[in-house]
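*Asks:* What follows is a predicted protein model with its sequence.
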Amino acid sequence: MTGGKGFARLIAVVAALAAFYVFIYLPVAVLVLFSFHAGTVPVPPFEGPTLEWYAEVLGNGRVTDGIFNSILVGALSSLLAAGLGFLAAYGMARHSPPGSTVIQAAIMMPLTMSYLVIGLGLLILFSSLGFGKSLWLVGIGHVVINLPLCFAIIVSQLGGHQAALERAARDLGASEFQVIARVTVPLIWPALFAAFCLAFTFSWDEFVIAFLLTSFDVTLPVVIWSMLRTGLNPETNAAGTLVFLVSLAVAVAFELAISRRKGTSP
């Protein structure tokens, strides 16, 4: 009797998990499938497979410019967010400045704010300063939203083991810069890389801030939005699949970095 109840409970758990994953991933699977659809309208029955729409997308200058702009903004803003996040995390973890609780709350505050509010605030601020819309402003916006994430990842990895090694390095005559460059950073590089990957993922497919702060030079999500204004078609599915594949690749790199960090933890 007990075994029967346990089996029924297992079936219920498996069914719930299956329903959860179908709910999450079925739309993505349909998007990817119909990016290979040979017809001009992405509706059943499926006709194909074909790579025609990927050729169309990669031959579209506006799309390729959007890909380049997204990579540029994502890479630079993620590097800056990870760097600033490391400096903030190191200062909080090693020096505990007065009012550290308030400082940490201020750093994490963008997580509680809407991207629309952040984008509008940046637009109003830089317009009042005489700056026009540009990819540089998008990069600043992405640093704002990604800095708290990078800070949270990095500060969680600055434990007592690293602090002991840092003190030993100082006792041996290393300067503060040498301690950071030769001890701290090598020890937590998986966390730094994971922070960069997560920031890049958020920047890569972010739309609201990119839409508000650009005019002519736009990122890929804004290009896809403009394509969708004429209706859904296999070409937009192909563009969306490219966004998904890049996000997936970066997410895998993030998970590998986290796994490596756990494997090397003392």
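*Replies:* Noted; the coordinates are in hand.
*Asks:* Tell me the helix or strand right after the host helix or strand of residue 29.
*Replies:* Using DSSP states H and E, residue 29 sits within helix 2-34. Once the chain leaves helix 2-34, the next helix or strand it forms, by DSSP H and E, is helix 52-58.
*Asks:* That following helix: which residues count as buried?
*Replies:* Within helix 52-58, the residues scored as buried using 16 or more other CB atoms under 10 Å are 53, 54, 57. The C-beta positions use only the backbone N, C-alpha and C, and glycine is treated the same way.
*Asks:* Residue 171: neighbouring residues, count only.
*Replies:* 8 (other CB atoms under 10 Å).
*Asks:* Sorry, slip of the keys, the one I care about is residue 129.
*Replies:* Close neighbours of residue 129, defined as other CB under 10 Å, add up to 7.
*Asks:* Which of the helices and strands in the protein ranks last by mean pLDDT?
*Replies:* Counting by mean pLDDT, DSSP states H and E, the chain has its least confident helix or strand at helix 234-264, which shows a mean of 77.
*Asks:* same for the biggest helix by length in the chain, what does it pack against?
*Replies:* When the chain is parsed with DSSP state H, its longest helix is helix 61-95. Contacts defined by 3 or more CB pairs under 8 Å, 6 or more residues apart in numbering; DSSP states H and E place helix 61-95 against helix 100-108, helix 135-155, helix 160-171, helix 189-204, helix 220-228.
*Asks:* follow-up on the earlier one: now the helix holding residue 29 and helix 234-264, what's the angle there?
*Replies:* Using axes from the mean of the first three to the mean of the last three CA atoms, to 10 degrees, the interaxial angle of helix 2-34 with respect to helix 234-264 works out to 130 degrees.
*Asks:* What residues sit buried inside helix 2-34?
*Replies:* In helix 2-34, counting by 16+ other CB under 10 Å, buried: 31, 32, 33, 34.
*Asks:* ok, the second one touching residue 243?
*Replies:* So that's residue 32. No - in this structure residue 32 lies outside contact range of residue 243 using CB atoms under 8 Å: 11.1 Å.
*Asks:* is it true that residue 100 touches residue 92?
*Replies:* Yes - at 5.7 Å, residue 100 counts as touching residue 92 under the criterion of CB under 8 Å.
*Asks:* Looking at those two, which has the bigger crowd around it?
*Replies:* Set residue 100 next to residue 92 and count neighbours by other CB under 10 Å: residue 92 wins out with 19 against 13.
*Asks:* ok, the more buried one - contacts?
*Replies:* Contacts for residue 92 (CB atoms under 8 Å, 6 or more residues apart in numbering) come out as 100, 103, 104, 155.
*Asks:* From the residues you listed, pick the one nearest residue 113.
*Replies:* Using CB to CB, residue 104 is the member of these that lies nearest residue 113, at 16.0 Å.
*Asks:* Excluding covalently adjacent residues, which one is nearest to that closest one?
*Replies:* Nearest-residue entry for residue 104: residue 92, 6.2 Å, with adjacent residues in sequence omitted and distances by CB to CB, 6 or more residues apart in numbering.
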